[in-house]
Structures are given as C-alpha cells and as structure tokens.
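Novice: Need a 3D model of the sequence below.
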Amino acid sequence: MKKLTKQQIEELNLLANLPDDEIDTSDIPEQTNWDNAVIGKFYSKNQQAIRIDNEILTWFKNKGGRDYQHMINKALFDYVQQHNHA
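Specialist: Below you'll find the model as predicted:
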C-alpha cells in the first residue's frame, strides 16, 4: 500500500473531524434506524481483503467505533437485499 501524502493526511483529518450534520449524504440514504439490527445473524464469515475509500471507512469507524466492520457488512447486506427485490 502506498504511503499517504501530507495533503491526503490533512484532507482525511478534516473529513474525520466533520460534524455529522455537515456530511453530504444526498447520494445515498443514511442508515439512522438500527432498531431491527441483529447482532450475530451471519455466522459464516469469509475473511477477504477489499478496498474501501478512506472517507467511507472513516465514516463507518466514526459511527460504529469497534463495531464498524459489522456496520459495513450490514450496509452491504441491505444493499444486496434491496437490489435482489428490485
């Protein structure tokens, strides 16, 4: 993996410090209701390496803390479910 430039690091720090109300979610609906989320629903895990944009990963880490990977998996699952029924 390439090292980030000073400019990239500065940009990521600015993005990481953005308040939630300044994050533009107009291109994707923000998941705000996690009431029906089920922890541990998917037991068959397959560890893979995928590339995720830094700003996306930062957003999930800021929202989910240590549970960010589960949130990413749930978001991907929801996306697949929506597009399978379309």
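Novice: okay, CA-based contacts and neighbour counts for the rest of this
Specialist: Noted.
Novice: pLDDT value on the most centrally placed residue in the chain, please?
Specialist: In the chain, the centroid-proximal residue (CA atoms, centre = their mean) is F60; its distance is 3.6 Å. Per-residue pLDDT puts F60 at 95.
Novice: what's the neighbour count on the spatially closest residue to it that is not a sequence neighbour?
Specialist: Setting aside the residues directly before and after it, F60 is nearest to Y68 in space (CA to CA, 6 or more residues apart in numbering), at 5.3 Å. Around Y68 there are 17 other residues, counting by other CA atoms under 10 Å.
Novice: State the phi and psi torsions of Y68.
Specialist: phi -60, psi -40 (degrees, to the nearest 10).
Novice: now do I39
Specialist: Per-residue torsions, I39: phi -80, psi 130 (degrees, to the nearest 10).
Novice: measure stretch 26-42 end to end?
Specialist: Stretch 26-42 has its terminal residues 30 Å apart, counting by CA to CA, to the nearest Å.
Novice: what is the rounded mean pLDDT of it?
Specialist: Average pLDDT, stretch 26-42: 81.
Novice: Return the distance of Q48 relative to K61.
Specialist: With distances taken as CA to CA, Q48 is found 18 Å from K61.
Novice: Compare those two (neighbour count), which wins?
Specialist: Applying other CA under 10 Å to Q48 and K61 shows that K61 carries more neighbours, namely 17 against 6.
Novice: count of neighbours near I72?
Specialist: 16.
Novice: could you list every residue that touches it?
Specialist: Listed by CA atoms under 8 Å, 6 or more residues apart in numbering, the contact set of I72 reads F60.
Novice: Now it: phi and psi?
Specialist: Taking degrees, to the nearest 10, you get phi -60, psi -50 for the backbone angles of I72.
Novice: Alright, I will stop here.
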